[in-house]
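Visitor: predicted model and sequence follow; I will ask about them next.
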Amino acid sequence: MDLDWTLADLQFRQEVREWLHAHKPSERRPSATGEAAAFDRAWQRTQFDGGWAGINWPVEYGGRGLGLIQQLIWHEEHAMAGAPAPGAMFVAVNHAGPTLIACGTDAQKQAHLKAILTGESLWCQGFSEPSAGSDLAALRTRAVIDGEDLVVTGQKIWTSFAQVAQQQELLVRTGEPGGRHRGLTWVICDMATPGIEIQPIRKMTGENDFATVFYDSARIPLANVVGGIDGGWATAMATLGFERGTTFVADAMKMTVALEKLIDHARDHPLPGSNRAALHGDAIVEKIAAVRAELAGLRALNYANLSRYAKGTQPGAESSITKLMTTECAKHLYDLANEILGHQLFDLHGAHAHWAYDFQKAIINAIGGGTTDIQREVVADRVLELPRSR
């Protein structure tokens with residue numbers, strides 16, 4: 001892996017930085033689900049119109065056809081600029097799009113990819129169920145082939161932005177009920193399909209961007225299957241691999257920026273219950289150094305991963321290491337923030353409200369997409385090939 005930036009890389013980084021500075025939204029993202037989704041779609045459209053959407057996506061589908069190194073630079077500069085996260089567009093841009101590029105048919109790519117990049121098509125994810133969260137192989141939502149359709153019956157839960165999404169990446173069981181990893185199918189589901197009912201879930205914050213989705217004999221064309229009937233496990237792993245393989249770059253940089261801001265705060269403000277600046281205490285300085293070192297290691301890990309992917313290697317089970325390390329870094333960062341900011345860390349309406357939001361998000365990220373314990377199991381089993389515990 002070459003750790004030196006080329007002149008072209010540096011010029012590209014400067015171009016990204018200048019564009020983001022000139023075009024990132026100045027207004028705050030709304031909290032209401034519909035308004036937040038509209039904000040996210042508008043920001044996605046702005047990126048597309050500026051030529052910054054799908055940097056490493058094929059040109060024929062609206063992307064720029066550049067490499068993963070340029071995508072990495074975009075993620076880093078985007079985070080450093082404090083530009084809005086994908087939000088409601090996350091599943092479309094970081095899950096569905098890359099999965100269709102890798103596993104979809106030409107017709108599926110033509111129908112969906114450009115609409116994702118322009119912000120026209122918002123996707124949600126139909127993976128988790130009440131009895132199958134991190135353990136996707138336990139899912140029960142059933143799909144039966146009837147003529148040219150799949151007839152789907154079952155339930156999904158914790159589906160973000162289901163009530164405003166046009167499409168869903170849906171994982172269903174087409175094989176034997178107890179087939180575990182075998183007999184799963186990944187399918188594109190139009191959320192306007194008859195037989196689909198969406199019930200929003202109200203969170204403690206008052207937001208309702210989560211939902212439960214029910215399927216009552218909903219008919220989905222077989223042409224919407226991605227990766228083949230009963231090939232859904234491999235397709236789903238590709239989906240999660242893309243999430244864990246490329247999008248954690250932004251998380252790592254966002255935490256790095258947050259740490260530097262925390263250091264600035266500690267330089268000028270005392271610890272709760274103290275009279276001297278927090279940065280004057282050796283214990284705090286040691287903890288800051290430890291978190292900074294962790295984040296440097298996480299950045300190096302992301303660079304190593306993307307270097308391999310740039311050479312044609314698809315994200316695999318090792319991406320669980322990245323997710324695990326990202327969530328661990330976040331825990332240590334916000335433990336440090338709690339020590340320095342005290343009760344201010346939990347004030348959703350005060351001067352440090354962004355810290356409160358990011359703290360909550362870090363807790364969610366340690367669960368969503370596979371819990372920390374599940375990631376450790378994946379690393380032990382599929383990366384280190386350790387014997388399974390009995």
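Guide: Great, that's in hand. Keep in mind that what you see is a predicted model, and the values were worked out from it rather than measured.

Visitor: quick one: low-confidence parts of this structure?
Guide: 1-3, 134, 204-205, 239-247, 310, 312, 314-316, 347-353, 369, 389-390 (pLDDT under 70).

Visitor: looking at it, which residue lies furthest from center?
Guide: N275 (40.7 Å; CA atoms, centre = their mean).

Visitor: tell me how this protein divides into domains.
Guide: 7-122, 124-229, 247-383 (automatic domain parsing).

Visitor: those domains into CSV, with extra columns for distance to M237?
Guide: (C-beta placed from N, C-alpha, C; glycine too.) Below are the domains of the chain laid out as CSV (distance: least, CB to CB, whole Å):
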stretch, distance to M237
domain 7-122, 10
domain 124-229, 9
domain 247-383, 8
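
Visitor: ok, which of the ones you listed comes nearest T235?
Guide: Ranking the domains of the chain by their distance to T235 (criterion: CB to CB) puts domain 124-229 first, at 3.5 Å.

Visitor: before we move on, the earlier item: quick one, phi/psi of the residue farthest from the centre of the chain?
Guide: phi -110, psi -10 (degrees, to the nearest 10).

Visitor: distance of it from H269?
Guide: According to CB to CB, to the nearest Å, N275 and H269 sit 11 Å apart.

Visitor: and A107, by the same measure?
Guide: Distance, A107 to H269, using CB to CB: 58 Å.

Visitor: what about the strands in the stretch 201-350 of the chain?
Guide: 210-221, 225-226 (DSSP state E, counting those that start in this stretch).

Visitor: winner for burial among these?
Guide: Comparing the strands of the stretch 201-350 of the chain by mean neighbour count (mean count of other CB atoms under 10 Å), strand 225-226 ranks first with a mean of 24.

Visitor: residues touching S320, list them.
Guide: 244, 370, 375, 378-379, 382-383 (CB atoms under 8 Å, 6 or more residues apart in numbering).

Visitor: want to try TSV for those, with secondary structure as columns?
Guide: Output for those, formatted as TSV (DSSP: H, G, I helix; E, B strand; the rest coil):
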residue	secondary structure
R244	helix
G370	coil
Q375	helix
V378	helix
V379	helix
R382	helix
V383	helix
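
Visitor: could I have the PyMOL command that selects the buried members from these?
Guide: Buried members of the contacts of S320, identified by 16 or more other CB atoms under 10 Å, are gathered into one PyMOL selection as follows:
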select buried, resi 244+370+375+378+379
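
Visitor: list the buried residues of the helix or strand in which W355 is found.
Guide: Here W355, judged by DSSP states H and E, is contained in helix 353-365. Buried positions in helix 353-365, judged by neighbour count with 16+ other CB under 10 Å: 355-356, 358-362, 365.

Visitor: just these now: which is nearest V144?
Guide: Closest to V144, out of all of the buried residues of helix 353-365 and judged by CB to CB, is N365, at 35.1 Å.

Visitor: list the buried ones in stretch 219-237?
Guide: Under the neighbour-count criterion of 16+ other CB under 10 Å, stretch 219-237 has 219-220, 224-227, 229-233, 235-237 buried.

Visitor: er, stretch 22-34 actually
Guide: Buried residues in stretch 22-34 (16+ other CB under 10 Å): T33.

Visitor: end-to-end on that stretch?
Guide: 26 Å (CA to CA, to the nearest Å).

Visitor: contacts for that stretch?
Guide: Under the criterion CB under 8 Å, 6+ apart, residues 36, 38-40, 43, 46, 50, 81-84, 87, 161, 163-164, 200, 205-209 lie in contact with stretch 22-34.

Visitor: which stretches of the stretch 1-150 of the chain form helices?
Guide: Taking DSSP state H, counting those that start in this stretch to define them, one finds helices in the stretch 1-150 of the chain at 7-23, 33-49, 68-80, 90, 97-103, 106-117.

Visitor: in a markdown table, list those helices along with distance to A137.
Guide: Output for the helices of the stretch 1-150 of the chain, formatted as a markdown table (distance: least, CB to CB, whole Å):
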| stretch | distance to A137 |
| --- | --- |
| helix 7-23 | 40 |
| helix 33-49 | 31 |
| helix 68-80 | 30 |
| helix 90 | 24 |
| helix 97-103 | 18 |
| helix 106-117 | 25 |
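
Visitor: A258: which of those is closest?
Guide: helix 68-80 (9.6 Å).

Visitor: can you give me the angle that closest one makes with helix 7-23?
Guide: Interaxial angle of helix 68-80 relative to helix 7-23 (axes from the mean of the first three to the mean of the last three CA atoms, to 10 degrees): 30 degrees.

Visitor: any idea how far helix 68-80 is from the chain center?
Guide: For helix 68-80, the separation from the chain centroid amounts to 15 Å (computed by CA atoms, centre = their mean, to the nearest Å).

Visitor: the inter-axis angle of it versus helix 33-49?
Guide: Here the directions of helix 68-80 and helix 33-49 differ by 130 degrees (the same axes, to 10 degrees).

Visitor: the longest helix belonging to the chain packs against which elements?
Guide: Taking DSSP state H as the criterion, the chain has its longest helix at helix 282-310. On a contact count with 3 or more CB pairs under 8 Å, 6 or more residues apart in numbering; DSSP states H and E, helix 282-310 meets helix 68-80, helix 232-246, helix 248-268, helix 319-341.

Visitor: so which of A107 and H269 has more stuff around it?
Guide: Taking neighbours as other CB atoms under 10 Å, A107 and H269 compare with H269 leading, 16 against 10.

Visitor: the more buried one reaches A277, doesn't it?
Guide: Yes: when contacts are counted by CB atoms under 8 Å, H269 is listed as touching A277 (6.5 Å).

Visitor: how many neighbours does the residue nearest to I73 when sequence neighbours are not counted have?
Guide: Once flanking residues are discounted, I73 sits nearest to R13: 5.0 Å by CB to CB, 6 or more residues apart in numbering. Using other CB under 10 Å, the number of residues around R13 comes to 17.

Visitor: how about the contacts made by R13?
Guide: By CB under 8 Å, 6+ apart, the contact list for R13 reads 5, 73, 76-77.

Visitor: burial count for R276?
Guide: By the measure other CB under 10 Å, the count of residues near R276 is 10.
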